[in-house]
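Chemist: fold the following, please.
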Amino acid sequence: MPGGRKPLEGVIPYREQTVLPVFSLLGLLGDQGDETSGLIVVVDPGESPVGLRVRSMGGIMITTEDEDEVTPYEGELKGPEGAITGILKKSGGDHILLEIDLVFSS
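Modeler: Now for the predicted structure:
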């Protein structure tokens, strides 16, 4: 969005009568690199839905299962306190676990 502040990237039409703000998920987590993906995931962090531009998406989970292996996150991304809860290790790869409502707190 010209003149806009990162991580807000712009707006898109959503469900015919609504305009949805779109944020860079990596930008919200402290990565200032340019996001080139066209993949936008719609989430509702509490007050109203927003779009998140992501590089890829391995899936959406509401909770982890008891037998899932979750390890602490030790990467470079920094989010608001408690937003990144760990790394879920699955046979298809590692997935960052987020508390999406905390991603937008500051």
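
Chemist: mind listing the strands for this protein?
Modeler: 8-14, 18-24, 39-43, 50-54, 69-71, 84-90, 93-98 (DSSP state E).

Chemist: out of those, deepest packed?
Modeler: strand 50-54 (a mean of 20; mean count of other Cβ atoms under 10 Å). For every residue, glycine as well, the C-beta is placed using N, CA and C.

Chemist: what's the mean pLDDT across stretch 43-60?
Modeler: For stretch 43-60, mean pLDDT is 83.

Chemist: end to end, how far does that stretch reach?
Modeler: Across its full length, stretch 43-60 reaches 10 Å between end residues, using Cα to Cα, to the nearest Å.

Chemist: how far does it sit from the chain's center?
Modeler: Chain-centre distance of stretch 43-60: 5 Å, with Cα atoms, centre = their mean, to the nearest Å.

Chemist: what's next to it, contact-wise?
Modeler: With contact meaning Cβ atoms under 8 Å, 6 or more residues apart in numbering, stretch 43-60 is reached by 9, 12, 14, 18, 20-26, 28, 35, 37-42, 90, 92-93, 95, 100-101, 103-104.

Chemist: thinking again about what came up before, can you redo the strands of the chain as CSV with distance to Lys78?
Modeler: Output for the strands of the chain, formatted as CSV (distance: least, Cβ to Cβ, whole Å):
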stretch, distance to Lys78
strand 8-14, 18
strand 18-24, 14
strand 39-43, 20
strand 50-54, 17
strand 69-71, 18
strand 84-90, 8
strand 93-98, 12
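
Chemist: looking at the ones you listed, which is closest to Leu77?
Modeler: Nearest of these to Leu77, taken as Cβ to Cβ: strand 84-90 at 6.3 Å.

Chemist: perfect, I'm done here.
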